[in-house]
Structure formats: C-alpha cells, structure tokens
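A.B. asks: let me see the structure of the following:
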Amino acid sequence: MTDDPIQQFTRLVLFQAQQDHATELVVAPIAGERSPIRYKVEDTWYDMSPPPAHVLPGVVSELGRLAVFTRRPFPKEGLIDIAFSGVRLRWVVRMASADSDCILTPIEQ
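C.D. replies: All right, here's what the predicted structure looks like:
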C-alpha cells in the first residue's frame, strides 16, 4: 500500500463507489458549483465528500495513471484493474478533454 495521500484517496473513491454498486462515477478536474466527485446508484446521484482543492487535480492525474493514459491527444480511454482492501477494483475510464469530467464505469466482475 502506498503512503501517498492522493493515491490513497483515489483508491478509496473507487472502492467506495464500487462497494455502493455505482453504475457511474464522475470526477471533475476543476471544482465548480457541484461536488467534484459523485456517483450514480440506481438512477440517483450521490456526492462524495470533496477532497481539499489542491488534491483534486492529483486525483484526476492518478486516475489517468492507473488507466495507463498515454500522452496522445484527447479523447482518452483506459482500464483500471487493481486490488484494494481485498477487493478487485475494475473500471473503464474516459476523458474527452483536459477540462472535461473524468467518467468511470465499472466492469462487471
């Protein structure tokens, strides 16, 4: 397990959304009026507690790193498949542009 707080927070977000059976997870690269991290369960959106403002860009970067985004231009898509707390976290990650939401959908296990 890593000691890096951004890596830990990112994994915790994925874990919590998966444990709650989310069908979609959205991370906004820039905090706006709405919660920067939210997920959908059975057509209802839930807000996660927002990270400190300086952490949010790191979360989006970490999602891209875990999904093995290349340096190629947008749009980008990748797969996250990691173990965390005894659970396999598997998500498809998509980003249309650097300032668009990072959209994740779970891969059925």
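
A.B. asks: could you pull out the strands in this protein for me?
C.D. replies: Secondary structure of the chain, counting by DSSP state E: strands at 24-27, 37-41, 44-47, 76-84, 87-95, 102-106.

A.B. asks: what's next to the fourth one, contact-wise?
C.D. replies: Yep, that's strand 76-84 we're talking about. For strand 76-84, contacts defined as C-beta atoms under 8 Å, 6 or more residues apart in numbering pick out 11, 14-15, 63-64, 66-70, 88-95, 104, 107. Backbone N, C-alpha and C define where each C-beta goes, glycine included.

A.B. asks: kindly reformat the strands of the chain as CSV containing mean neighbour count.
C.D. replies: Below are the strands of the chain laid out as CSV (neighbours: other C-beta atoms under 10 Å):
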stretch, mean neighbour count
strand 24-27, 20
strand 37-41, 19
strand 44-47, 11
strand 76-84, 15
strand 87-95, 18
strand 102-106, 19
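
A.B. asks: tell me which of those strands sits nearest to residue 7.
C.D. replies: Closest approach to residue 7 among the strands of the chain (C-beta to C-beta): strand 76-84, 10.3 Å.

A.B. asks: nearest to residue 59, of the strands of the chain?
C.D. replies: strand 24-27 (6.0 Å).

A.B. asks: CA atoms only: put the closest one into CSV for me.
C.D. replies: Listed next in CSV are the C-alpha coordinates belonging to strand 24-27 (Å, rounded to 0.1, in the frame of the first residue of the first chain):
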residue,chain,number,x,y,z
GLU,A,24,-21.1,5.5,-13.0
LEU,A,25,-18.5,7.6,-11.2
VAL,A,26,-17.7,11.2,-12.3
VAL,A,27,-14.6,13.2,-11.2
